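Student: Quick one: sequence plus predicted model below, questions after.
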Amino acid sequence: MAQRLETHHEMVYGIHPVIELLKAKRRKVVAIYTTRPEPKAWHQVARLVPAYVKVNQVSPKGLDTIAGTTDHQGVVAHVAPYPYRKKEFNLEKERFLLFLDRIQDPRNLGAILRTAYATGVDGVILTQKSSASLTPTALKAAAGLAEHLQIMLVPSAVAGAKMLKAQGYNLYLAALGPQSSNALTTNFTAPMCIVIGSEGTGIARELLSLGTCVQLPQRVPDISYNASVAAGILLFWAATRCGKLN
């Protein structure tokens, strides 16, 4: 019989998300569920499961019920809540940050976090209001790599940006318009934070005066890159400019 997910536990599903969860060792794993017969990639998960964790085998339909989706790839974990960072980032040690202003699509969020990990981002700031949270969908889109990131929640975009500015971070805001410089000719200087706005409205207007506005070259001015694509390009470019990927 499927075990009900306790209110103080969270769910992670998918082969790579569960593998990275177990590698990171930052969250207590309450239980793991897999199918009978086991999925082909189960051996990759099994070798990482701590001895104290109970592995439950259920039918494929039973796992669909537990996960609430068929997108689980045959593995579901019940775990302790995500360990969000509480203290401010260290200006001397954590010099490359990413700030997401109201990203609402969990798949976009996950894709951006995956890129953040790949480009060496030292920390990520998310807003609590009007933003997607680290749902199982977002964690799967991140291929589990959010488990290795330092992620902080702030009450609002303005509060977060002002905090970073006061600490001494240089903010580079992805924004279209005449006030924006070409990202390819911008001198990205660490300690810095790349700011990506929401899919619909972009970066909050109140933030635009708090840093340098940059935009990616594009074919015509009346379109824009998808938020996760823009984040990927900017993070890669900024990381190479400041020596993160050299």
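Tutor: Thanks, I have it.

Student: Where does the record place the domain boundaries for the chain?
Tutor: Following automatic domain parsing, the chain resolves into domains at 10-79, 96-241.

Student: Can you check the distance spanned by the shortest one, start to finish?
Tutor: Domain 10-79 has an end-to-end distance of 5 Å (criterion: C-alpha to C-alpha, to the nearest Å).

Student: any idea of the mean pLDDT in it?
Tutor: The average pLDDT within domain 10-79 is 96.

Student: In three-state terms, label residue 44 for me.
Tutor: On the three-state scheme (DSSP: H, G, I helix; E, B strand; the rest coil), residue 44 is labelled helix.

Student: go on, residue 178?
Tutor: Assigned with three-state DSSP, residue 178 falls in the coil class.

Student: chain center to the strand ranked longest in the chain, what's the gap?
Tutor: Longest strand of the chain, by residue count under DSSP state E: strand 29-35. Put simply, strand 29-35 sits 23 Å off its chain's centre (C-alpha atoms, centre = their mean, to the nearest Å).

Student: for the domains of the chain, which one sits closest to residue 87?
Tutor: Closest to residue 87 of the domains of the chain, according to C-beta to C-beta: domain 96-241, at 8.5 Å. For the C-beta atoms, the positions are set from N, CA and C on the backbone; glycine is no exception.

Student: measure the closest one end to end?
Tutor: 11 Å.

Student: where does that domain sit relative to the chain's centre, distance-wise?
Tutor: Centroid separation for domain 96-241 versus its chain: 10 Å, with C-alpha atoms, centre = their mean.

Student: before we move on, the earlier item: in CSV: the domains of the chain, plus distance to residue 87 and mean neighbour count.
Tutor: Shown next, in CSV, are the domains of the chain (distance: least, C-beta to C-beta, whole Å; neighbours: other C-beta atoms under 10 Å):
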stretch, distance to residue 87, mean neighbour count
domain 10-79, 16, 18
domain 96-241, 8, 19
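
Student: With distance to residue 88 added, can I get the ones you listed in a markdown table?
Tutor: Supplementary listing: the domains of the chain in a markdown table, determined by distance: least, C-beta to C-beta, whole Å:
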| stretch | distance to residue 88 |
| --- | --- |
| domain 10-79 | 19 |
| domain 96-241 | 6 |
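
Student: where do the strands sit along this protein?
Tutor: Under the criterion DSSP E, the chain contains strands at 10-13, 29-35, 54-58, 75-79, 96-100, 123-127, 151-154, 170-174, 181-182, 192-196, 212-215.

Student: Can I get stretch 145-160 as PDB, trimmed to CA atoms?
Tutor: The C-alpha trace of stretch 145-160 is given here as PDB (Å, rounded to 0.1, in the frame of the first residue of the first chain):
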ATOM      1  CA  LEU A 145      21.700  19.500  -9.300                       C
ATOM      2  CA  ALA A 146      19.800  21.900  -7.100                       C
ATOM      3  CA  GLU A 147      20.800  19.600  -4.300                       C
ATOM      4  CA  HIS A 148      24.400  20.900  -4.600                       C
ATOM      5  CA  LEU A 149      23.500  24.600  -4.800                       C
ATOM      6  CA  GLN A 150      23.300  27.200  -2.000                       C
ATOM      7  CA  ILE A 151      19.900  28.700  -2.500                       C
ATOM      8  CA  MET A 152      18.500  31.500  -0.400                       C
ATOM      9  CA  LEU A 153      14.900  32.700  -0.200                       C
ATOM     10  CA  VAL A 154      14.100  36.400   0.200                       C
ATOM     11  CA  PRO A 155      10.800  38.100   0.800                       C
ATOM     12  CA  SER A 156      10.700  40.200  -2.400                       C
ATOM     13  CA  ALA A 157      12.800  41.100  -5.400                       C
ATOM     14  CA  VAL A 158      13.500  44.600  -4.100                       C
ATOM     15  CA  ALA A 159      14.500  43.300  -0.600                       C
ATOM     16  CA  GLY A 160      16.900  40.800  -2.200                       C
END
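
Student: Much appreciated, bye for now.
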